[in-house]
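> Let's see this in three dimensions:
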Amino acid sequence: MATSEGLLQIFCGTLPYRPGTRTHVSNYNSSVFSTSRRKCVLKRGLRCIQALQCSSMQKVKFRFGVLNGGLYEAATCRRCRSSIFCCESAERVKGSAPVDGNRTWYVDKAHKHHTISSLVNGSNTLEDVQQLQGKREVTVKDDTTDPIEEEAWALLRESVVNYCGSPVGTIAANDPTSSDALNYDQVFIRDFIPSGTAFLLKGEYDIVRNFLLHTLQLQSWEKTIDCHSPGQGLMPASFKVRTVPLDGDDSATEEILDPDFGEAAIGRVAPVDSGLWWIILLRAYGKCSGDLSLQERVDVQTGIKMILRLCLADGFDMFPTLLVTDGSCMIDRRMGIHGHPLEIQALFYSALRCAREMLAPEDGSADLIRALNNRLVALAFHIREYYWIDMKKLNEIYRYKTEEYSYDAVNKFNIYPDQISPWLVEWMPGKGGYLIGNLQPAHMDFRFFSLGNIWSVVSGLATKDQSHAILDLIETKWTDLVADMPLKICYPALEGQEWQIITGSDPKNTPWSYHNAGSWPTLLWQLTVACIKMNRPEIAARAVRIAEKRLSQDKWPEYYDTKRARFIGKQARLFQTWSIAGYLVAKLLLDNPNAAQMLISDEDSELVNAFSCIIAANPRRKRGQKSSKKTFIV
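Numbers count the residues shown, from 1 in each chain. Below you'll find the predicted structure:
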């Protein structure tokens, strides 16, 4: 009994774990715990028992960090750099019970490991577990789905990847017609977001929790490209579960997680968006499941801070936007989006908002939270003021004066009016507007990028009026942006000499294909969240009806080609997981719009007040001024 108590304390973070020592607790008083704490102890203790069933759990090796909220000592890793987590194959694990991935494990194990109940002030373990589980079950809808949804769920479950007997993610695609898997058989961070959201909406939280924790441990691993290591806190683009021979025993095998931080990716580009999506999914998990203990863990708090410090690091850039290279986000090939692409800024803003909600208020976080708040204000003002375009703003740019040198210049970035493309003059509707794709000195990328605009609505980066105007534009330009399959990733396509110069004559990014204005069904779920937030779900419902006509029939392709999206992409994988999951999330949210709140960030009143301070400030008078005592430093 003492051993069980000691183990429970270690895995709940109340005692440090020191390999090679034996923990014995004789005078343990469970009455010191509150009810919420007892539930936290219960859940962590049960997960501890499951972990102990894997006989190779002691072989787990990490560089540094924390485990289950408690400190542990770093172990020297003699394996090759890809061998982060090690678990013996299923043949060598004795006594382990199957996990069905939808919370039934807790009840089954509660019968077998009744000794934990005595730690929780004499409460009944099974009753507590059922009570916790019952709270989650209330939000789960009855599985009365149509054939397309049933097929989609079956395909999504087939794509699930297991590690040490537990689900940890979904592979990018499960295309039986393709012999060359490339990296589509890996679990991508960004690709799993719609999959994880679908499982959350279905009430299946284990896979999302496992995914968040395993990718968190991968964050601390060494990553090197040509003897150069990127900043600490970088999340991998993807990882793969591999089975390798066990050290010193060729007859046995073990499972390892092999991450890719961009050193093996096409173009060797590190993913900027992975860490941002990870924070967004972490918040969604807490809001949907009600399990806030995950985000309160020491290792998770440390992971959030590492991502924020990497993104908030000072550099040479004068802008509050995040400076990145081409290929660092969903558009992962050369498409001329280097610099300050809107997609990254929208995700950056969203991640900052989510992190601010989850960061524990402690002395060590004060400076980080202050920097976070300051960046939120500057970033929101910058995007809303300088990235926004409608007919009124287009007329202003058309009449810009150039070569202005002053603090109160109108044309602050020296934009030349001749940059306004002929297509934009004809395409811009009288009603509606959008956020442009990029802004740099003497350069404005006027292309419409769907993900950046949609997530600006979801995250609150765009104002209420701007958000409605973006949806107005989508409705007005429905034929161009949706047509026969939602949704164009960007508009218009790069063509002719412009395509040759900017993409390097990329044969996959030919005009109206792939990332060069191809149509991506996975964007359905993000469009749905934005429409629900603005109380205009009919727009998303219309897009879903269009997608339903072809997605299943076309075998769930990755993307579509041509202006009207009439052809399946020439190199598109079939049974693409995030196409499947994107459709499911859109359907689930339309059936239960309130569930979208786990992804939505509403307008922040403090930010609005800070904007007025920025607009009223005189830049010249600010120089040399003493810092004010405001909530936000502007």
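> Show me where the stretch 51-200 of the chain dips below the pLDDT cut-off.
Counting by pLDDT under 70, the ranges of the stretch 51-200 of the chain that qualify are 51-145.
> switch the cut-off to 50
51-86, 88-141 (pLDDT under 50).
> can you check the chain too?
Checking the chain against pLDDT under 50 turns up 1-86, 88-141, 620-621, 624-630, 632-634.
> try 90 this time
1-146, 176-183, 219-233, 244-253, 262-270, 314-317, 361-366, 404, 406-408, 602-634 (pLDDT under 90).
> how about the residue nearest the centre of it, what does it touch?
The chain has W277 as the residue nearest its centroid, 1.7 Å off, counting by C-alpha atoms, centre = their mean. Shown in contact with W277 (C-beta atoms under 8 Å, 6 or more residues apart in numbering): I189, R190, I193, L347, A351. For glycine as for every other residue, the C-beta is placed from the backbone atoms N, C-alpha and C.
> Export those as CSV, with columns for neighbour count and distance to N411.
Formatted as CSV, the contacts of W277 follow (neighbours: other C-beta atoms under 10 Å; distance: C-beta to C-beta, whole Å):
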residue, neighbour count, distance to N411
I189, 25, 39
R190, 22, 36
I193, 27, 38
L347, 29, 28
A351, 25, 31
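> For burial, what's the neighbour tally of the spatially closest residue to S289 that is not a sequence neighbour?
In space, and not counting its chain neighbours, S289 is closest to Y205: 4.5 Å by C-beta to C-beta, 6 or more residues apart in numbering. Close neighbours of Y205, defined as other C-beta atoms under 10 Å, add up to 21.
> okay but P429 is in contact with E475, surely?
No. Using C-beta atoms under 8 Å, P429 is not in contact with E475; the gap is 9.5 Å.
> Between the two, which is the more surrounded one?
Set P429 next to E475 and count neighbours by other C-beta under 10 Å: E475 wins out with 17 against 14.
> before we move on, which element is that one in?
Assessed by DSSP states H and E, E475 sits inside helix 464-476.
> Return the set of buried residues in that helix.
By neighbour count with 16 or more other C-beta atoms under 10 Å, helix 464-476 contains the buried residues Q466, S467, H468, A469, I470, L471, D472, L473, I474, E475, T476.
> Adding distance to L323, write the residues you listed out as JSON lines.
Shown next, in JSON lines, are the buried residues of helix 464-476 (distance: C-beta to C-beta, whole Å):
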{"residue": "Q466", "distance to L323": "24"}
{"residue": "S467", "distance to L323": "26"}
{"residue": "H468", "distance to L323": "30"}
{"residue": "A469", "distance to L323": "27"}
{"residue": "I470", "distance to L323": "24"}
{"residue": "L471", "distance to L323": "29"}
{"residue": "D472", "distance to L323": "31"}
{"residue": "L473", "distance to L323": "27"}
{"residue": "I474", "distance to L323": "29"}
{"residue": "E475", "distance to L323": "33"}
{"residue": "T476", "distance to L323": "33"}
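> from those, which is closest to G303?
Proximity to G303 was ranked across the buried residues of helix 464-476 by C-beta to C-beta; first place goes to S467, at 30.5 Å.
> What distance do you get for the closest one to D249?
With distances taken as C-beta to C-beta, to the nearest Å, S467 is found 59 Å from D249.
> which one among the buried residues of helix 464-476 gets closest to D484?
When the buried residues of helix 464-476 are compared against D484 (criterion: C-beta to C-beta), the nearest one is I474, at 15.5 Å.
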